[in-house]
Structures are given as structure tokens and as C-alpha cells.
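>>> When you get a sec, could you give me coordinates for this:
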Amino acid sequence: MTSRGDWAQLREDALRDPEAGAAYEAARIRFELGNTVRERREELGMTQAQLARAAGLQQPAVARFEAGGTMPTLPMLERLAAALGMRLRVGFEPADRVAG
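Numbering: from 1, shown residues only. Below is the predicted model of the structure:
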């Protein structure tokens, strides 16, 4: 399988498995959260070490989080938000409104 269509079909077929779909969604959430924190940190001109100190974390924890390697707890998200001068907002939205 080398064409883009073949890979897209393979992905679609794999995500029909509920366990694979759940794992994919968890990875997507981790990636989006980490990317958001990294972008804000860079906007502020902060290093990972500076953010870690401000949030009461270790720099490797910030690096893992920004890379999407860990699923954070709500208290960790609150500490990161405060260190970045932001407010954490958590919510739910109907699944049919979410772009896949």
C-alpha cells in the first residue's frame, strides 16, 4: 500500500475497532493539549525549564507533556494554565459537531 487513499482506507478500517478508536482519540487529546501549551509557552518566550519552575514541575515532565506523551490530570492542567497566564476551561460538546 503506497497511495494516500490506501493508507486513508487502512486508517479508517482500523479505527472501526472500538479499542483502536479510543486509543486514537486519547492520543489526539494528548497531542492537542501538549501543542497548545507549547505554542503558548513559545509566545511568552519561555523555556520548558522556566515553565516547569512556574508550574511546580520538572522540565522532563513538561517535555513529555508537550510531545503528547502523557495524559495530564486536571490539577496539572490548572498549574500549567496559571503558569502560562491562562484559565483552564473544560467542557463537553456533541460528538456530531466534532470534525473527525
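
>>> mind checking how far stretch 47-62 is from the chain centre?
The chain centroid and the centroid of stretch 47-62 are separated by 17 Å under CA atoms, centre = their mean, to the nearest Å.

>>> measure it end to end?
Its start and end residues considered, stretch 47-62 measures 10 Å (CA to CA, to the nearest Å).

>>> How about stretch 37-57?
Termini of stretch 37-57 sit 14 Å apart (CA to CA).

>>> Next, the buried residues of that stretch.
37, 38, 40, 41, 46, 48, 51, 52, 54, 55, 57 (16 or more other CB atoms under 10 Å). For the C-beta atoms, the positions are set from N, CA and C on the backbone; glycine is no exception.

>>> Could you dump the residues you listed into a markdown table and include pLDDT?
Below are the buried residues of stretch 37-57 laid out as a markdown table (pLDDT from 0 to 100):
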| residue | pLDDT |
| --- | --- |
| 37 | 97 |
| 38 | 98 |
| 40 | 98 |
| 41 | 98 |
| 46 | 98 |
| 48 | 98 |
| 51 | 98 |
| 52 | 98 |
| 54 | 98 |
| 55 | 98 |
| 57 | 97 |
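
>>> In JSON lines, list these along with secondary structure.
As requested, these are arranged in JSON lines below (DSSP: H, G, I helix; E, B strand; the rest coil):
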{"residue": "37", "secondary structure": "helix"}
{"residue": "38", "secondary structure": "helix"}
{"residue": "40", "secondary structure": "helix"}
{"residue": "41", "secondary structure": "helix"}
{"residue": "46", "secondary structure": "coil"}
{"residue": "48", "secondary structure": "helix"}
{"residue": "51", "secondary structure": "helix"}
{"residue": "52", "secondary structure": "helix"}
{"residue": "54", "secondary structure": "helix"}
{"residue": "55", "secondary structure": "helix"}
{"residue": "57", "secondary structure": "coil"}
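
>>> State the mean pLDDT of stretch 93-100.
Averaged across stretch 93-100, the pLDDT comes to 72.
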